[in-house]
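# Okay, predicted coordinates and the sequence, questions at the end:
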Amino acid sequence: MFRAEPLVKIRLHMLASEAADAALELARFGIYSPAQHASEQLSENPAAAYRETWMEAESRTSKLVERCGGLSRLTVPEGAEAPTLVDLEELNVWLKEVWNTCLAAYEGEVRIEEEIRHLDALQDTLGRLEHLNVDLAHLLRPDGLLAVNIGSLPAASVKRMGEALSMTGYVIYNFDTISDQVYAVIAGPRDRHDEVRGLLSQAGWRELPVPPELRTHPRTARAWLTEERKRVEEKNIAECAILDSLRGKYRAGLDEARLRVELGRPLAEAAVLGVRGRGALASLAGWIPRRHADELKEKLEHRFHGHYWLDVEEANKHEAATIPSLVHYPAWLTPFVPLVRSYGVPRYGEFDPTLPFAFTYLLLFGAMFGDVGHGAVIAFLAILFSGRLGRVAWLGIAAGAVSMLFGMFYGSVFGFEDVIQPVWISPMHDPIRMLSVAMVFGVGFIVLTLLVNAGNRLASGRVTEALFDSGGLAGLAFYIGATGGVASLAGASTLALPFWPLALAGIVTVAIYKWVETDAGFGERALVTTIETMETGINLFANTLSFVRVAAFSLNHVALALAVFTIANGLDATGHWLTILLGNVVIIVLEGGIVAIQALRLMYYEGFSRFFSGDGSEFVPLKLMDAK
Amino acid sequence: MSTYLNTRVSLFSSRLWQEEDFSALLETGHAEIAGVLAERGLPQLAAGFDSLDNRSLEQRIISQLLDETTVLIRPLAGSERNFLLYWTERFEIGNLKTLLRGKMTGERPAVLLTRLTPMGAFGRLDIQDLAHAEDVGELLRRLETSPYAEVVRPARRAFEESHDPFILDAALDRSYYEGLEHRAQPLEHAAGTSFRNLMGSLIDRINLVWLLRYRFNYNLPPAQVYFLLVASRYSLPSSQLRKLAALGSQREVLSALPESLRGLLDGVNEIPEVFARMEHSTVDSARKVLHAGAPAISRAFAYLILREHDLRAIRAVLRGRLLGLPAADIHMAMFHSGAGLT
């Protein structure tokens, strides 16, 4: 739970012709994560063509499934074999054919939609031109000296278009705007129309064809439009029928294509990193949990009857950055995992902070939002909606319970401070003590994170960093020295003398380390060392102060409740209780949300940023998907 | 933060190359080139500098520029950060054009993907998804839901009407540079003349070269040429560009330029020469900004212009050497033609 499961690196060598089946077997095994293959002898990538063809097939299948919809759930049969490259190429040809057929039908549908929009536009245009009192037949006469275009162009181009047209003796007149399209009439001398044609294309001008039927009396034009609309609707029904028939015709084939694509997925995905080869030999590389190595051997033996070679190698500590992390969590801890993962994935061998995160996060939440009543409401709502929330409900229940616990410590129930006696402290009555406790907690928290960071560095073999860097033992010495020194100045005389020399020794060590580690010219080195050493001190100081917010929010909680009571006390009985009810809802939603975010922020920036590199990679096993 | 950026730019500026550095690179033995490049802070170019694959060299130059931009934008926020980020988007627009051309010629997605420049953290396009679009139409539709919608929308509309790749490219370029100018506007107020000079030099060059090329190489009509230019507010404002586009010959255009540009282009007859002189002038402006007490954002922008210029010059040297051209010819082409590098 605190560290990733020990992994071993495997290299599975087999005939290239069996690589797809081998990858499929590994995907069925379910706990194989492909890795970079570093063999110099195996310089070819025998699965590259397979992946390329598979990706085309997958892309087309996805598009077709998206368009067709209503397909059955995909189930991969137990003994099904992976498609060969030739199978995939044939499948690709078929898919392309189907896609082109479907695309034609789909584009027919799109064209109809465009026709409908076009008719709408014509109707609107007609309405507007009627108001302008323009005789369209006269305006659009083909033998006149004046060349006239009616159409639309993007609104952003209108100004520039007007300026460009003025160079040719043309004018532009806007008569309508729909969304970002401006409808306009462009007119000018017919003998210069050739100069304008290219400009119109460039500007994205879309001619609005005015059919002969519209170049007549408005009443006749309207009758034509009604007829035209009826015709388009009939065409639409016919196109829908074509699409339905295509869905029926290709459904079975498409199901088969989905299955083949799914069976080909393991090798295609493994090819990104873990497949190399030479001639007729192929080799798959990757990681599996050490405890499953024997089981894998049995499965491969059962499937390939000795026609393979399996190398199993222990993970090397120095390649920790490239080894994926596989961590198992108990069910109750899983709701906290996404909160940690949103910051980063622990490196292989690195301390996984999920368990301490869960406890500390809940502790901070409770300390900032301690109230028996509010906690009970949160827990009750989480239980009530547990069906919808799934495991996340547990997070709400735990947060509510901790809030109730701190509510008892603070003696607070729905903001009332006089219903129960505080078991520990009332924040409003002793704020200085609250602030001091928060600071001491912060110091303890930061010391712990620095220790974990030093441990992580040691575990990954970065001994000098663990000892001398700002996040290592030197930084820790500085921090303990500085906080002890400040505490003694603040009156804790028993903590006196040795702290300042300890702080000085720590910061000087950090500065020397930065100087040695910076690979640059003198100026840049001096700049980096000065800034980064100063940053060490400033950051630790600021991070400690950050914990003051724990006390501040506990005070804030009481202050908000007081504000609600003050408003409520000024109202009559109904108004009084209504205000208290609504005020409490606001406190739970608004302050509860803010506190949840603040607790997360403290964990990320004051905690994780100090010891958790989060630059590991997830153990992502090859798997077959039973997809809908 | 501006102090930090200024210090960073000053430290970076020591990496810029002088004429003697290029001469030394020309004289360096083949075996030592990788070492020289690595020593000068160009590890990306050092690895595989002798590859004949020009695209891979270009990709590594861009990668180097992106790495340095990452460092420079770290302390920036707001419009300054937006501007430098948008400046890097030129490279992704390049990818976008590669994708479009690939789709026009029916290239396979895997081949197409190898031709794209890796954008690292600056990448905003889902290139895997885009490379698998079936045709240009589908690609453009997908791009309209990408962060490049603003640049792509006018281009798609124009392309749908004409199906002309030139129109598509021209529309993309124009949209991009108008976006750049738009993002530069608040900085010109804040950072003052130095920044405005750099932008002016850049946009004036683009507009003048495009004008000459579209008008006299492609023989496009004046109105269309004007429409294709970037709406500008520098030495060549829109009203001036309209007048220039209406002129009948290259000589007339060059004679009708404002005094400052006329002096710069005195004696120039060919469009490549116009480009080279104006680029030279941009580099000069950038050098002045870099070494003057200009605001940090102006100095950072100037540095990026100069760095890119240097890297492309280094590429020219490496390519020249690989093609077996005599060192004297490469030197002559770089320092004594209109495209002088100093």
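That came in fine, so what should we check first?
# Looking at chain B, which residue is nearest chain A?
Taking CB to the nearest CB as the measure, the point where chain B comes nearest chain A is B:R157, at 2.9 Å. For every residue, glycine as well, the C-beta is placed using N, CA and C.
# OK, contacts around the residue nearest to that residue when sequence neighbours are not counted?
Closest residue to B:R157 apart from its sequence neighbours, by CB to CB, 6 or more residues apart in numbering or on different chains: A:G204 at 2.9 Å. A:G204 makes contacts with A:153-154, A:157, B:154, B:156-158, B:160-161, B:171, as judged by CB atoms under 8 Å, 6 or more residues apart in numbering or on different chains.
# Give me the subset of those lying in strands.
Among the contacts of A:G204, the ones falling in strands (DSSP state E) are A:153-154.
# which one among the contacts of A:G204 gets closest to B:K97?
Closest approach to B:K97 among these (CB to CB): B:A171, at 11.1 Å.
# can you give me the strands in the chain?
All of this refers to chain A. Counting by DSSP E, the strands of chain A are A:7-15, A:33-34, A:146-154, A:171-178, A:181-189, A:206-207, A:275-278, A:281-289, A:309-314, A:324-325, A:617-618.
# and of the ones you listed, who's closest to B:L229?
Of all the strands of chain A, strand A:146-154 sits nearest to B:L229, with 17.2 Å by CB to CB.
# in the closest one, what counts as buried?
Neighbour counts over strand A:146-154 (16 or more other CB atoms under 10 Å in any protein chain shown) mark A:147-154 as buried.
# Neighbours of residue 16, how many?
All of this refers to chain A. Neighbour count for A:A16, taken as other CB atoms under 10 Å in any protein chain shown: 19.
# Actually, chain B is the one I wanted.
16.
# Now do the contacts for it.
Contacts of B:L16 by CB under 8 Å, 6+ apart are B:303, B:306-307, B:310.
# I'd like these laid out as JSON lines, including pLDDT.
Listed next are the contacts of B:L16 as JSON lines, based on pLDDT from 0 to 100:
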{"residue": "B:Y303", "pLDDT": "94"}
{"residue": "B:L306", "pLDDT": "94"}
{"residue": "B:R307", "pLDDT": "92"}
{"residue": "B:D310", "pLDDT": "89"}
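# What about those, which one has the most neighbours?
B:Y303 (23 neighbours).
# didn't B:L244 look like it was pressed against B:V253?
Yes: with contact defined as CB atoms under 8 Å, B:L244 reaches B:V253; the gap is 5.2 Å.
# List the residues that are in contact with both of those two.
B:L211.
# Report pLDDT for the residue nearest to B:R157.
Per-residue confidence (pLDDT) for A:G204: 81.
# And it, how far from A:L545?
Taking CB to CB, to the nearest Å as the measure, A:G204 falls 57 Å from A:L545.
# swap in B:L322?
59 Å.
# Next: B:D173.
For B:D173, the distance to A:L545 - CB to CB - is 52 Å.
# Compare the two (neighbour count), which wins?
Using other CB under 10 Å, the more surrounded residue of B:D173 and A:L545 is B:D173, with 19 against 13.
# For the more buried one, pull up the helix or strand it's in.
Assigned by DSSP states H and E, B:D173 belongs to helix B:165-191.
# State the phi and psi torsions of the residue nearest to B:R157.
phi 70, psi 30 (degrees, to the nearest 10).
# Spatially nearest residue to the residue most central in space within chain B (excluding sequence neighbours)?
Against the mean C-alpha coordinate of chain B, by CA atoms, centre = their mean, the closest residue is B:R90 at 7.0 Å. Distance criterion CB to CB, 6+ apart; nearest residue to B:R90, sequence neighbours excluded, is B:Y176 at 6.8 Å.
# So the one you found is in contact with B:E92, correct?
No: contact between B:Y176 and B:E92 fails when scored by CB under 8 Å: they sit 9.9 Å apart.
# just the angle between the helix or strand containing B:L198 and helix B:165-191, please?
Assigning secondary structure by DSSP H and E places B:L198 in helix B:193-212. On the basis of axes from the mean of the first three to the mean of the last three CA atoms, to 10 degrees, helix B:193-212 is oriented at 160 degrees to helix B:165-191.
# and the stretch 151-300 of chain B, which of its residues are near chain A?
Residues of the stretch 151-300 of chain B found near chain A (CB under 8 Å from any CB of the partner chain) are B:153-154, B:156-158, B:160-162, B:164, B:167, B:170-171, B:220-224, B:226-228, B:231, B:238, B:242, B:245-246.
# Any stretches of the chain with poor pLDDT?
No chain specified, so I'll use chain A. Applying pLDDT under 70 to chain A flags the ranges A:1-2, A:69-71, A:128-133, A:213, A:217-218, A:492-497, A:626-628.
# That was the other one, I meant chain B.
Ranges of chain B meeting pLDDT under 70: B:1, B:48-55, B:335-342.
# ok, now with 80
Along chain B, the model assigns pLDDT under 80 to residues B:1-3, B:19, B:30-31, B:38-57, B:150-151, B:154-164, B:293, B:327-329, B:331-342.
# separation between B:R157 and A:T177?
In this view, B:R157 and A:T177 are 16 Å apart by CB to CB.
# more crowded one of the two?
Of the pair B:R157 and A:T177, B:R157 is the one with more neighbours under other CB under 10 Å, namely 23 against 13.
# ok, the more buried one touching A:R206?
Yes: contact criterion CB under 8 Å: B:R157 and A:R206 qualify, at 7.3 Å.
# so what sits against both of these two?
Contacts common to B:R157 and A:R206, judged by CB under 8 Å, 6+ apart, are A:L153.
# hmm, back to that, state the next helix or strand along the chain beyond the helix holding B:L198.
Following helix B:193-212 in sequence, per DSSP H and E, is helix B:222-228.
# helices or strands up against that following helix?
helix A:158-166, helix A:193-202, helix B:193-212, helix B:238-245 (3 or more CB pairs under 8 Å, 6 or more residues apart in numbering or on different chains; DSSP states H and E).
# Around chain B, pick out the residues from the stretch 151-300 of chain A.
So far as CB under 8 Å from any CB goes, the stretch 151-300 of chain A lies against chain B at A:153-154, A:156-157, A:160-161, A:163-165, A:167-168, A:194-196, A:198-206.
# and with 7 Å instead?
Those residues of the stretch 151-300 of chain A that sit near chain B, judged by CB under 7 Å from any CB of the partner chain, are A:154, A:156-157, A:160-161, A:163-165, A:167-168, A:195-196, A:198-199, A:201-206.
# Kindly report the same for the stretch 401-550 of chain A.
Proximity of the stretch 401-550 of chain A to chain B, by CB under 7 Å from any CB, involves residues A:523-524, A:527.
# of all these, which comes closest to chain B?
Closest to chain B, out of all of those and judged by CB to the nearest CB, is A:E524, at 5.3 Å.
# tell me the angle of the longest helix anywhere in chain A relative to strand A:281-289?
Criterion DSSP state H: the longest helix present in chain A is helix A:218-270. Angle, helix A:218-270 to strand A:281-289, by the same axes, to 10 degrees: 90 degrees.
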